[in-house]
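>>> Sequence and predicted structure, then a few things I'm wondering about:
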2 protein chains.
Amino acid sequence: MSLSESAPRSPVRERILSTATALFDAYGVRAVGVDRIIAESGVAKATLYAHFRSKDELVLTCLQQADHNRRDYLRQMARAAGEDPRDQLLGVFDALRTITVREGFRGCAFVNTAGEMMPGTAPHTATAEHKRAVRTWLTELAAAAGAADPELLALQFSVLVDGTLAAASLHPGPAVAEAAREAARTLIEQSCPARRAKGPRAKGPRTDGPGADGPGAG
Amino acid sequence: MSLSESAPRSPVRERILSTATALFDAYGVRAVGVDRIIAESGVAKATLYAHFRSKDELVLTCLQQADHNRRDYLRQMARAAGEDPRDQLLGVFDALRTITVREGFRGCAFVNTAGEMMPGTAPHTATAEHKRAVRTWLTELAAAAGAADPELLALQFSVLVDGTLAAASLHPGPAVAEAAREAARTLIEQSCPARRAKGPRAKGPRTDGPGADGPGAG
DNA sequence: GGGCGGTCGGACAGACCTGTCCGTGCGCTG
DNA sequence: CAGCGCACGGACAGGTCTGTCCGACCGCCC
């Protein structure tokens, strides 16, 4: 939704993008220089600047790609969690569990990047739009689940999602995502008046369902 | 708890610390150079390096000071929320509301800093310890509130706290903190078996209770 | 008055950063 | 074969960063 615009395909370009994304995720945008990106992607500096006007534009493009990958992955995991929209909402936390448990997970790439930039800059805005897009999707899911106040429930889920990514980066392991999932389940039960108290809902898929998330980190 | 060690008092030192904290909060640790810190604090570079061995040590000291201030503030706001431990737990979100609503709020200073550093570095470790200390405190509160599983509830609250700080930095306004507070209320009601369903609990103090939070940001 | 600790202002070294520019080579197409 | 597009390696400019060092000043205590 947020974009995709003109996306020229090129193997070199993709290599630069995936290398840059990996390095940015692992060390932070500011800590990674273009020299390192070209060294690790085996590309000449002139080539990088032929494909991207500046490092900032490269950062932004990485974020846009990650936005697409992340939202795709969330949708896949939600769908894999079942037919019931309530189960699909919980599927989000199955995705989070997989993401946060990965070796080298260092928190939400969007939030980390936004934390290094001032509000109003392109990457900061892209982060805000990514989060807003996820929240909009959560709102639809919450409405389908029969939530009394879908906007509120979606906002609460957004908080749980961002909190899971932040907390898990400092407290490694699946405990954070699992606790957040339980919290989400409670919120759903309290917020969706329809046939509640059916006993503990089926746990749903806990291990990796659909394919990988792409190079995205949190 | 986590520290305080040898803390030499000096007006110049305090001035450097408060200026550095403000700049780090506003722009990120990596975006702020020592030249800017000395310029805005009106201090000679040699003086800064007489008080702090390196910029890293300055960053770490700022974080330690912020840890102290933030935890103090949370305790104050919890106490101000009432006698009932359940209300005190909700008081945390009154604090978050005040924090996130401040002009120029840019997210949790700890998480932002950790996001710029590799795991294992001093600032990253300090962030993890700060969050762990807060969680330990929340566990005590949850136990006092009669939670069936105080550790779980505290972890869920940690997620809500971190999520509120992250989400509110991208979605300004009080809505995030207020939604998180409602979620917290639901979790408490479901987790603390004692006299539940007393109707909607008193809203508690919504506006700023105790004094300022010091220079801390999120 | 004299010494001294703390601070100031600024120059400086060495490293690193982004972005530009050059000449070279390789593969494809006409 | 000739021409062209694309990528290569690497030098370079101009700026910024951290951290060191030096001389001077100022207030305080002996």
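In hand now; what should we look at?
>>> hey, let's count contacts and neighbours off CA atoms from now on
Noted.
>>> close to DNA strand C, is the top helix by length along chain A?
Counting by DSSP state H, the longest helix found in chain A is helix A:55-80. Yes - against DNA strand C, helix A:55-80 shows contacts by C-alpha under 7 Å from any atom of the strand at A:Lys55, A:Asp56.
>>> And the next helix or strand past that helix?
Next along the chain after helix A:55-80, taking DSSP states H and E as the criterion, comes helix A:85-101.
>>> any idea of the angle that next one forms with helix A:55-80?
130 degrees (axes from the mean of the first three to the mean of the last three C-alpha atoms, to 10 degrees).
>>> Give me the residue at the spatial middle of chain A.
Taking C-alpha atoms, centre = their mean as the criterion, A:Arg70 is the residue nearest the geometric centre of chain A, at 4.3 Å.
>>> Tell me the buried residues in the longest helix of chain A?
A:58-71, A:73-80 (16 or more other C-alpha atoms under 10 Å in any protein chain shown).
>>> Which stretches in chain A count as helices?
Using DSSP H, helices in chain A cover A:11-27, A:34-41, A:45-51, A:55-80, A:85-101, A:109-116, A:122-144, A:150-170, A:175-191.
>>> just so I know, which of those helices lies nearest chain B?
helix A:150-170 (3.3 Å; C-alpha to the nearest C-alpha).
>>> just checking, what packs against that closest one?
helix A:85-101, helix A:122-144, helix A:175-191, helix B:122-144, helix B:150-170, helix B:175-191 (3 or more C-alpha pairs under 8 Å, 6 or more residues apart in numbering or on different chains; DSSP states H and E).
>>> export those helices to a markdown table and tack on distance to DNA strand D and mean neighbour count?
Shown next, in a markdown table, are the helices and strands packed on helix A:150-170 (distance: least, C-alpha to the nearest atom of the strand, whole Å; neighbours: other C-alpha atoms under 10 Å in any protein chain shown):
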| stretch | distance to DNA strand D | mean neighbour count |
| --- | --- | --- |
| helix A:85-101 | 31 | 24 |
| helix A:122-144 | 20 | 20 |
| helix A:175-191 | 34 | 22 |
| helix B:122-144 | 13 | 20 |
| helix B:150-170 | 24 | 27 |
| helix B:175-191 | 33 | 22 |
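>>> Not counting stretch A:163-177 itself, show me its contacts.
By C-alpha atoms under 8 Å, 6 or more residues apart in numbering or on different chains, the surrounding residues in contact with stretch A:163-177 are A:93-94, A:96-97, A:100-101, A:105-108, A:180, A:218, B:111, B:127-128, B:131, B:155-156, B:158-164, B:166.
>>> the domain parsing of chain A - what is it?
A:9-52, A:55-212 (automatic domain parsing).
>>> and these, which one is worst for confidence?
When these are compared by mean pLDDT, domain A:55-212 comes last with a mean of 90.
>>> Over to A:Thr121: give its phi and psi.
Per-residue torsions, A:Thr121: phi -70, psi 160 (degrees, to the nearest 10).
>>> Give me the number of neighbouring residues for it.
The local packing of A:Thr121 (other C-alpha atoms under 10 Å in any protein chain shown) involves 12 other residues.
>>> re earlier: which other helices and strands does the longest helix of chain A contact?
Partner elements for helix A:55-80 (3+ C-alpha pairs under 8 Å, 6+ apart): helix A:11-27, helix A:85-101, helix A:122-144.
>>> end to end, how far does stretch A:94-107 reach?
16 Å (C-alpha to C-alpha, to the nearest Å).
>>> so how far is it off the chain centroid?
10 Å (C-alpha atoms, centre = their mean, to the nearest Å).
>>> before we move on, what about stretch A:68-86?
12 Å.
>>> OK, now which residue of chain A is nearest to DNA strand D?
A:Val43 (3.4 Å; C-alpha to the nearest atom of the strand).
>>> Distance check, that residue against B:Ala180.
46 Å.
>>> about what we covered before: so which of the helices of chain A is nearest B:Ser18?
B:Ser18 lies closest to helix A:109-116 among these, at 19.8 Å (C-alpha to C-alpha).
>>> And that closest one, what does it pack against?
helix A:122-144, helix B:109-116.
>>> quick one: contacts of that helix?
Counting by C-alpha under 8 Å, 6+ apart, A:24-25, A:28-30, A:63, A:123-124, A:127, A:216-218, B:27-28, B:30-31, B:106-107, B:112, B:115-116, B:166 sit against helix A:109-116.
>>> just the buried members of the residues you listed?
Applying 16+ other C-alpha under 10 Å to the contacts of helix A:109-116 flags A:24-25, A:28-29, A:63, A:123-124, A:127, A:216-218, B:27-28, B:106-107, B:112, B:115-116, B:166 as buried.
>>> circling back: torsion angles phi and psi at the residue of chain A closest to DNA strand D?
phi -130, psi 150.
>>> residues near it, how many?
16.
>>> who's in contact with it?
A:Val12, A:Ile16.
>>> how much space is there between it and A:Gly91?
Taking C-alpha to C-alpha, one finds A:Val43 at 39 Å from A:Gly91.
>>> Same check on A:Arg106?
22 Å.
>>> ok, and does stretch A:109-123 reach over to DNA strand C?
No - shown here: stretch A:109-123 not in contact with DNA strand C (C-alpha under 7 Å from any atom of the strand), separated by at least 13.1 Å.
>>> Now do that stretch: distance to the chain's middle.
14 Å.
>>> Figure out the length between the terminal residues of it.
End to end - C-alpha to C-alpha - stretch A:109-123 spans 11 Å.
>>> residues in contact with stretch A:143-159?
A:84-86, A:131, A:134-136, A:138-140, A:142, A:184, A:187-188, A:191-194, B:159-160, B:162-164, B:166-167, B:176, B:179-180, B:183.
>>> so how far is the first residue of that stretch from its last?
End to end - C-alpha to C-alpha - stretch A:143-159 spans 18 Å.
>>> residues touching A:Val29, list them.
A:Leu23, A:Val59, A:Thr113, A:Glu116.
>>> Kindly tell me how buried the residue nearest to the first one when sequence neighbours are not counted is, as a neighbour count.
The reference is to A:Leu23. Leaving aside its chain neighbours, A:Leu23 sits nearest to A:Val32 (6.7 Å; criterion: C-alpha to C-alpha, 6 or more residues apart in numbering or on different chains). By the measure other C-alpha under 10 Å, the count of residues near A:Val32 is 15.
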